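Colleague: can't give you the sequence, but here's the structure:
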């Protein structure tokens, strides 16, 4: 990318991110367990015409998280209808926007286009960011707003004179929107940012230098607005539910548990920053020299990045159960440090890492070709593999020059994600929800029919999304009782749970199966036992009363219903 084009990296890099992550973002190959809470709530908020109160699948209020993630889903459903794509598109675009913000932030702070481009590519190629952008959960939005807030605070910190008003608005409003996205974690990040600006030895600020009255008042109003509305609508009871999720059941009460989570946080953070962490620390002497010769502004920026990383690890360790997504807010600021070192200091292993990932891409491509030849032809697999091979051929023929090894490594990482997903596509698609919807339609489901879903509640959620919110779905977890209502209905359950239900008066048909598009016998012998086990474990069945009348297929509107349990 030449110097003129690099100025537009804030556009090009997000587009590259969208291209290589599209296969995972627009389908339900990987359905995160927490997505059901947000998609189900958004659908009910639309049906109830209540755009402030999130709801659980049984119709009761869910106050665990603030409202912004639900609003993102509601907006998408209103514009594009209900589908897997519309459930994720705004979160996917949120990931691309975070990549763009990273570029603009680093360019503004360092005045260096190359460092900014490398930082945005490191962020774009981070597996945690890629996965979080492919889920209908608030973590990617939280990271976006916190990064905007961090940018504002860092600009306030390094300014020689009075900073531009824009940066005060970014610092405070970013934190406010982060608070409306996920609650108390945003307060911790804003608090540590303020303390660092007041106490760091390189660019220390006075308290008065952090205040812009208009920005602060507006941010406070934004942060508390939803909570004030909830108090007016539901009274103080919602506070106890919100506080229990944010602190009560979330914070670890044992020292050993906290230590275990902390070490997990460190380990996962190192893993998610590979290979950059290895490259950056490959030459300790050069790294020390680089850190020593930096001016006070750069040292202050590095310190800010370090304090955010430490806070992220501490917070991920303090919870009762560790989740890797808690590390996401640290990724963009860590990219600031990594990119600066990679561009301005001598490092090793770049050639090795680049050709390692190019080699891995070729291995995945060859595996896709072997699958096509010996197992079966899939259009997505063939098209994706050919696209990847053309990119790799162009790389080897030097038809394009990425201008630096760092950019080439980041692009090879993104291409590897693309290739792995394309390889898995014919094995994992269609997913459980899509198969069940197709099976129910073959059984001529009608507007008078209710679908009772047993087992994991995300199966019910997947059916709602895959049916475009046209089915009336009732989640029965954890009760395994056959409905007594005389209305026409279907039961959906795992084959392993068949013995838990009284199905004497029901007709049983197949619903879905893992690895539905491939026969285990067609796979290599060492994979056949694994495939058969996955198919047996992931098999769902559909039951309908033996005397159930046939109906023409229609599109019922409402799905939410309380099973009275």
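Modeller: Okay, I see it. Everything numeric here is computed off the predicted structure, so don't read it as measured data.
Colleague: Could you list the buried residues of the helix ranked longest in the chain?
Modeller: Criterion DSSP state H: the longest helix present in the chain is helix 84-110. For helix 84-110, burial by neighbour count (16 or more other CB atoms under 10 Å) applies to 84-103, 105-107, 109-110. Every residue, glycine included, has its C-beta placed from N, CA and C.
Colleague: contacting residues around residue 181?
Modeller: Each residue near residue 181 by CB atoms under 8 Å, 6 or more residues apart in numbering is listed here: 65, 66, 68, 69, 138, 141, 142, 145.
Colleague: Likewise for residue 186?
Modeller: By CB under 8 Å, 6+ apart, the neighbours of residue 186 are 142, 145, 146, 149, 175, 176, 178, 179.
Colleague: Helix or strand: which one has the first one?
Modeller: In this structure, residue 142 is located in helix 139-158 according to DSSP states H and E.
Colleague: now that helix: mean pLDDT?
Modeller: Averaged across helix 139-158, pLDDT comes to 96.
Colleague: Read off the pLDDT value for the nearest residue to residue 37 once chain neighbours are set aside.
Modeller: If the residues on either side of it in the chain are set aside, residue 37 comes closest to residue 62, at 6.8 Å by CB to CB, 6 or more residues apart in numbering. Listed pLDDT for residue 62 reads 83.
Colleague: and what of residue 164?
Modeller: Reading off the model, residue 164 has pLDDT 90.
Colleague: mind checking how far it is from residue 460?
Modeller: Counting by CB to CB, to the nearest Å, the separation of residue 164 from residue 460 is 50 Å.
Colleague: Please apply the same query to residue 369.
Modeller: Distance, residue 369 to residue 460, by CB to CB: 38 Å.
Colleague: Which of the two has more residues huddled nearby?
Modeller: A count of neighbours by other CB atoms under 10 Å puts residue 460 above the other of residue 369 and residue 460, at 26 against 15.
Colleague: Surely that one is within a helix?
Modeller: Yes - assessed by DSSP: H, G, I helix; E, B strand; the rest coil, residue 460 belongs to a helix.
Colleague: Would you check that it makes contact with residue 57?
Modeller: Yes - Residue 460 is within contact range of residue 57, at 6.6 Å (criterion: CB atoms under 8 Å).
Colleague: Need the residues touching each of the two.
Modeller: By CB under 8 Å, 6+ apart, the residues touching both residue 460 and residue 57 are 36, 475.
Colleague: ok, back up a step: next secondary structure after the longest helix of the chain?
Modeller: helix 113-124.
Colleague: picking up where we left off before, which one of the contacts of residue 181 is nearest residue 127?
Modeller: Minimum distance to residue 127 across these is 17.6 Å, recorded for residue 142 (CB to CB).
Colleague: and the gap between that closest one and residue 171?
Modeller: 16 Å.
Colleague: how about the strands in this structure?
Modeller: 450-453, 473-475, 489-494, 506-512, 540-545 (DSSP state E).
Colleague: Just send these back as TSV, with mean neighbour count, mean pLDDT and distance to residue 191 too.
Modeller: What follows is those, written out as TSV (neighbours: other CB atoms under 10 Å; pLDDT from 0 to 100; distance: least, CB to CB, whole Å):
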stretch	mean neighbour count	mean pLDDT	distance to residue 191
strand 450-453	23	91	43
strand 473-475	24	88	39
strand 489-494	22	91	46
strand 506-512	18	89	47
strand 540-545	22	90	47
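Colleague: quick revisit: residues in contact with the residue nearest to residue 37?
Modeller: Per CB under 8 Å, 6+ apart, neighbours of residue 62: 37, 41, 54, 55, 56.
Colleague: Next, count neighbours for residue 526.
Modeller: Neighbours of residue 526 (other CB under 10 Å): 7.
Colleague: for the residue positioned nearest the centre of the chain, what are its contacts?
Modeller: For the chain, residue 132 is the residue whose C-alpha lies nearest the centre (CA atoms, centre = their mean; 1.5 Å). Contact analysis of residue 132 by CB under 8 Å, 6+ apart lists 91, 95, 139, 140, 143, 325, 328.
Colleague: The first one contacts residue 137, correct?
Modeller: Yes - between residue 91 and residue 137 a contact is recorded at 7.5 Å, counting by CB under 8 Å.
Colleague: any idea how far residue 530 lies from residue 537?
Modeller: 11 Å.
Colleague: now swap in residue 22 and tell me
Modeller: Separation of residue 22 from residue 537 (CB to CB): 29 Å.
Colleague: Same check on residue 170?
Modeller: From residue 170 to residue 537 the distance is 48 Å (CB to CB).
Colleague: More neighbours: which of the two?
Modeller: For residue 170 and residue 537, the more surrounded residue by other CB under 10 Å is residue 170, and the numbers stand at 25 against 12.
Colleague: need the contact list for that one.
Modeller: Going by CB under 8 Å, 6+ apart, the list of residues near residue 170 reads 148, 149, 151, 152, 155.
Colleague: which residues touch the closest residue to it other than its chain neighbours?
Modeller: Closest residue to residue 170 apart from its sequence neighbours, by CB to CB, 6+ apart: residue 152 at 3.2 Å. The contact partners of residue 152, taken as CB under 8 Å, 6+ apart, are 166, 167, 168, 169, 170, 171, 172, 174.
Colleague: switch to 7 Å and redo it
Modeller: The contact partners of residue 152, by CB atoms under 7 Å, 6 or more residues apart in numbering, come to 167, 168, 170, 171, 174.
Colleague: Next one, pLDDT for the fourth one please.
Modeller: Yep, that's residue 171 we're talking about. pLDDT, read off for residue 171, is 96.
Colleague: Report the separation between the nearest residue to it once chain neighbours are set aside and residue 328.
Modeller: The shortest distance from residue 171 to any non-neighbouring residue, by CB to CB, 6+ apart, is to residue 152 (3.1 Å). Per CB to CB, residue 152 is found 19 Å from residue 328.
Colleague: what about the closest residue to residue 362 other than its chain neighbours, how many neighbours?
Modeller: In space, residue 362 comes closest to residue 392 once its chain neighbours are excluded; the distance is 6.5 Å by CB to CB, 6+ apart. A total of 17 residues lie near residue 392 under the criterion other CB under 10 Å.
Colleague: Spit out the contact partners of residue 392.
Modeller: Per CB under 7 Å, 6+ apart, neighbours of residue 392: 358, 361, 362.
Colleague: Wait, the first one touches residue 411, no?
Modeller: No - the pair formed by residue 358 and residue 411 falls short of the contact definition of CB atoms under 7 Å, at 10.0 Å.
Colleague: Looking at those two, which has the bigger crowd around it?
Modeller: residue 411 (22 against 18).
Colleague: now that one: how far from residue 405?
Modeller: 11 Å.
Colleague: go on, residue 115?
Modeller: 14 Å.
Colleague: Settle it for me: which of these two has more neighbours?
Modeller: residue 115 (24 against 16).
Colleague: Hmm, residue 343 and that one touching each other?
Modeller: Yes - if you go by CB under 7 Å, residue 115 and residue 343 touch, sitting 4.9 Å apart.
Colleague: where exactly do the helices run in the stretch 251-400 of the chain?
Modeller: With DSSP state H, counting those that start in this stretch as the criterion, the stretch 251-400 of the chain has helices at 255-272, 276-280, 284-293, 296-318, 330-344, 350-374, 379-396.
Colleague: Skipping adjacent residues, who's closest to residue 536 in space?
Modeller: residue 495 is the one closest to residue 536 (CB to CB, 6+ apart), at 7.4 Å.
Colleague: and the one you found, how many residues sit next to it?
Modeller: 16.
Colleague: I'd guessed it sits against residue 541; true?
Modeller: Yes - between residue 495 and residue 541 there is a contact under CB under 7 Å: 5.5 Å.
Colleague: count of residues packed around residue 111?
Modeller: Residue 111, neighbours per other CB under 10 Å, totals 9.
Colleague: could you measure it against residue 254, distance?
Modeller: Relative to residue 254, and taking CB to CB, residue 111 is found at 47 Å.
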